[in-house]
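Peer 1: need a 3D model of the sequence below.
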Amino acid sequence: MILRTDDFDYGLPDSAIAQRPTSPRESARLLDCRRGLEDRRFSDLPRLLTEGDLVVVNTTKVRPARLRGTKHGTGGAVEVLLLGEMSDGEWEVLIRPARRIGAGVRLRFGEANATVLSQPTSGRSTLRFDTDVEALAREMGEVPLPPYITTPLANSEEYQTVFAEEVGSAAAPTAGLHFSKDVLSELGTRGVEIALLDLHVGLDTFRPISEPTVEAHEMHSEHFDIPGETATAFEAARRRGGKVIAVGTTVVRALESAFDNGGLRVGSASTDLFIRPGYQFRAVDAMVTNFHVPRSTLIVLVAAFVGDQWKEIYEAALERGYRFLSFGDAMLAERR
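Peer 2: This next block holds a predicted model:
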C-alpha cells in the first residue's frame, strides 16, 4: 500500500501553537481517546490507568547545544547547533549563516577553537574542536528551542522533563514535559510502575516529510539504551496483564526496536525504525503524546497506532482549543 504524504497533512493555525509551557506542568489538557474523546487534565492521568500498568519514560536531557561564536580573521558572527558527536572531538553541526563558510575555516567560541571540516550542505557540516565540547556547551551553550517557538523562556529548565538525566538530545521528549513529581508520586501510590529508558532525540524527528509518498522518506537514526531494570519491569507487567504505556513517540520507537521474543533486549543500540500504517505493534499498548507537526513522521506513527481516527482526534483538538506542538497539550490513546 502506497501512503501519500498529503494524507498526513492538516491545517494548523499559528494561534494553536503553544508558545509557553503550562504552569504547573500537570495543568495541561489531556484528550482521552480510548473510549470516545473525553476532555481531561494531565493531572487526571494516574486515575485513568490501572494498578499493574507500566509507564515508560525517556530520561534524555536536552544538551545546551546552541553555541555563538566568531570567525577567525573577520570576526563575523556565527551560530552553531551541535547535532551529535561523530568521533573524538568531531561533531556534526548546523552552521548559520552557512554562506562563506567552507572547509578549513576556523571558528572561535570563547577561548575554544574549531575547524570546519566539510563544506556545509543545507547548513550541515562537521567541526573539529580543540576542547571538551560537552564542557564548552555547559559553559556557554544555550538550550535550543524549536523554530516555531518564538517566545524566549525565562528558565531553560522548562524545556527539560522532571526525570531528565542523560545529556544527549537536540530536543526534548515533549510528552514527558507534563509530568510533575506529584503525578509520578500518585502513579506509584495507585500501583502504576514507572520504568526508564534513554533515547537521544534528534532534530530530524520533527522534520516534515518532503517526498510525495511516505515510503520515499529516509528515516533518521537515533541512539537508545534499555536498562536491565526496565526489561525486568516490562516482562513483569506482561505476566500480570498490565498495559505498557509509552510516554512519547521516542519511547514507542525504543520499545518497539528493542522488543525480542516477548521481552526487551537490554543495552545500547541505534534505531531507524519507521513506524507507519500497517506496522504491527508488539511492545506498546497505550501512548501519551502531544499533537505533532503536519506531514511529520510523528503523525504517521500516531496514524499507525490509532488508525484513521487520528484525523478525528486532531479535528476535535483544534475545535476544542487544545494547544499544539512541543509546549502544547497531550492525548492518551490505546493501539487499535
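Peer 1: could you list the domains of this protein?
Peer 2: Listed by automatic domain parsing, the domain ranges of the chain are 5-62+153-334, 66-140.
Peer 1: can you flag the weakest of those domains by average pLDDT?
Peer 2: If the domains of the chain are sorted by mean pLDDT, domain 66-140 sits at the bottom with a mean of 91.
Peer 1: circling back: looking at the domains of the chain, which is nearest to residue 146?
Peer 2: The minimum distance between residue 146 and the domains of the chain falls on domain 5-62+153-334, with 5.4 Å, by CB to CB. All C-beta spots, glycine's among them, are computed from the backbone N, C-alpha and C.
Peer 1: now that closest one: how far from the chain's centre is it?
Peer 2: With CA atoms, centre = their mean, to the nearest Å as the basis, domain 5-62+153-334 stands 8 Å off its chain's centre.
Peer 1: that one: end-to-end distance?
Peer 2: Start and end residues of domain 5-62+153-334 are separated by 24 Å (CA to CA, to the nearest Å).
Peer 1: quick one, what contacts the residue lying closest to residue 40 once chain neighbours are set aside?
Peer 2: Closest residue to residue 40 in three dimensions, ignoring its sequence neighbours and counting by CB to CB, 6 or more residues apart in numbering: residue 30, at 4.5 Å. When contacts are counted by CB atoms under 8 Å, 6 or more residues apart in numbering, residue 30 touches 40-42, 44-45, 178, 288, 329-332.
Peer 1: now render those as a markdown table, adding secondary structure.
Peer 2: Putting the contacts of residue 30 into a markdown table (DSSP: H, G, I helix; E, B strand; the rest coil) gives the following:
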| residue | secondary structure |
| --- | --- |
| 40 | strand |
| 41 | strand |
| 42 | helix |
| 44 | helix |
| 45 | helix |
| 178 | helix |
| 288 | strand |
| 329 | coil |
| 330 | strand |
| 331 | strand |
| 332 | strand |
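Peer 1: ok, back up a step: ok, the residue nearest to residue 40 to residue 193 distance?
Peer 2: To residue 193, residue 30 is 20 Å away according to CB to CB, to the nearest Å.
Peer 1: how far away is the residue lying farthest from the centre of the chain from residue 25?
Peer 2: In the chain, counting by CA atoms, centre = their mean, residue 73 sits farthest out from the average C-alpha position, at 38.3 Å. According to CB to CB, residue 73 stands 47 Å off from residue 25.
Peer 1: other SSEs contacting the lengthiest helix in the chain?
Peer 2: Secondary structure of the chain per DSSP state H: the longest helix is helix 228-240. If you count contacts as 3 or more CB pairs under 8 Å, 6 or more residues apart in numbering; DSSP states H and E, helix 228-240 packs onto strand 54-58, strand 193-199, strand 244-247, strand 263-264.
Peer 1: okay, these, which one's buried deepest?
Peer 2: Using mean count of other CB atoms under 10 Å, the stretch among the helices and strands packed on helix 228-240 with the greatest mean number of neighbours is strand 54-58 (a mean of 27).
Peer 1: strand partners (parallel or antiparallel) of that strand?
Peer 2: Paired strands of strand 54-58, with direction, are strand 193-199 (parallel), strand 244-247 (parallel) (DSSP bridges).
Peer 1: ok, then the element right after it?
Peer 2: The helix or strand immediately downstream of strand 54-58 is strand 60-62, counting by DSSP states H and E.
Peer 1: distance from the next helix or strand after that following strand to the middle of the chain?
Peer 2: Helices and strands here follow DSSP H and E; after strand 60-62, the next one along the chain is strand 66-71. Going by CA atoms, centre = their mean, the spacing between the C-alpha centre of strand 66-71 and its chain's C-alpha centre is 25 Å.
Peer 1: likewise stretch 97-116?
Peer 2: On the basis of CA atoms, centre = their mean, stretch 97-116 sits 29 Å off its chain's mean C-alpha point.
Peer 1: quick one: end-to-end distance for that stretch.
Peer 2: In terms of CA to CA, the two terminal residues of stretch 97-116 are separated by 13 Å.
Peer 1: pull out the buried positions in that stretch.
Peer 2: Of the residues in stretch 97-116, those scored as buried under the neighbour-count criterion (16 or more other CB atoms under 10 Å) are 98, 101, 105, 107, 109, 112-116.
Peer 1: which two among those are spaced furthest apart?
Peer 2: When these are compared pair by pair using CB to CB, the two farthest from each other are 98 and 112, 20.4 Å apart.
Peer 1: and the helices in this structure, which stretches?
Peer 2: With DSSP H as the criterion, the chain has helices spanning 45-48, 133-140, 181-189, 228-240, 249-258, 297-306, 309-319.
Peer 1: backbone dihedrals for residue 275, please?
Peer 2: Per-residue torsions, residue 275: phi -90, psi 120 (degrees, to the nearest 10).
Peer 1: dump the residue contacts of it.
Peer 2: For residue 275, the contacting residues are 252-253, 256, 300-301, 304-305, by CB under 8 Å, 6+ apart.
Peer 1: burial count for the nearest residue to residue 226 once chain neighbours are set aside?
Peer 2: Counting by CB to CB, 6+ apart, residue 258 is the residue found nearest to residue 226 once chain neighbours are left out, at 4.9 Å. Other residues near residue 258 come to 23 when the count uses other CB atoms under 10 Å.
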